[in-house]
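*Asks:* Return a 3D structure for these sequence lines:
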Amino acid sequence: MQPGPGSSPRAGVVIPLRAFANGKARLAAVLDDRERTALARSMADCVVEASGTMAVLVVSSAAEVHEWAETRGLEVVDDPGAGLDAAAREGVQWFRAREFDRVIVAHADLPRARPGSLERFADVAPGGVVIVPSHRDDGTPVLSIPVHPPFQFAYGVGSAYRHAQIARELGLAVQLVHDDELAYDVDLPEDLLS
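*Replies:* As a prediction, the model looks like this:
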């Protein structure tokens, strides 16, 4: 998807996405394979819509995800296979090579994301980083960073605050944004009840 009118042509969205069919294994106690696949696809669709008119890159090695991305007109590259940090790095490198200035890494499991809601993170000051901590106040479902200097991702429990520390060590200004919709990622069975 290429940037459209009114969007920042210098910002793009990276969506790391392992797979639909085998994703969300922690939900297996409450959803069967078909239900988890449908949920994962639906949430990924929400995140693409949240990207608005910005360019979107999906990072995945799953054939089903490649097919989904291509039917949506999205760019897709293979996941390097070394976890979420490596997938995010791959996306940043892809946009850097195309001379974008900023990347928004958004998790694919944000069912409450509204159309266009990620666009506000495109126009951050050049030396700024925006972090949306998860609803558990520990993960990083949305992270907006400049493509320079090289940012060392640190996903996992507590990543929002690790990412803030990494940004500060690079001399970047950090803004934590508490957004009930973009912070709400689905990882555990209890997330389906809220």
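*Asks:* where does the chain have low pLDDT?
*Replies:* 1-9, 21-32, 186-194 (pLDDT under 70).
*Asks:* any idea how far the most centrally placed residue in it lies from A44?
*Replies:* Using Cα atoms, centre = their mean, the residue of the chain that lies closest to the mean C-alpha position is A106, 1.4 Å off. Distance, A106 to A44, by Cβ to Cβ, to the nearest Å: 10 Å. For every residue, glycine as well, the C-beta is placed using N, CA and C.
*Asks:* shared neighbours of these two, anything?
*Replies:* Jointly contacting A106 and A44 under the rule Cβ atoms under 8 Å, 6 or more residues apart in numbering are I15.
*Asks:* Just give the number of residues close to D185.
*Replies:* 24 (other Cβ atoms under 10 Å).
*Asks:* so when I look at it, I'm seeing a helix, right?
*Replies:* No - D185 is assigned coil when assessed by DSSP: H, G, I helix; E, B strand; the rest coil, not a helix.
*Asks:* I'd like the distance between it and L170.
*Replies:* For D185, the distance to L170 - Cβ to Cβ - is 25 Å.
*Asks:* now do L84
*Replies:* With Cβ to Cβ as the criterion, L84 and L170 are 20 Å apart.
*Asks:* With E90 instead?
*Replies:* 20 Å.
*Asks:* what about the two, which has more around it?
*Replies:* Taking neighbours as other Cβ under 10 Å, E90 and L170 compare with E90 leading, 19 against 16.
*Asks:* Going along the chain, name the strands of this structure.
*Replies:* 11-16, 55-59, 75-77, 102-106, 128-132, 142-146, 173-176 (DSSP state E).
*Asks:* Now do the third one: everything it contacts.
*Replies:* What that stands for is strand 75-77. Residues contacting strand 75-77 (Cβ under 8 Å, 6+ apart): 1, 55-60, 65-66, 69-70, 90-91, 94.
*Asks:* doesn't D137 make contact with V157?
*Replies:* No - counting by Cβ atoms under 8 Å, V157 sits too far from D137 to count as a contact (10.7 Å).
*Asks:* Isn't P149 up against L170?
*Replies:* Yes - in this structure P149 lies within contact range of L170 using Cβ under 8 Å: 5.4 Å.
*Asks:* Okay, now stretch 165-184: how far is its last residue from its first?
*Replies:* One end of stretch 165-184 to the other measures 22 Å (Cα to Cα, to the nearest Å).
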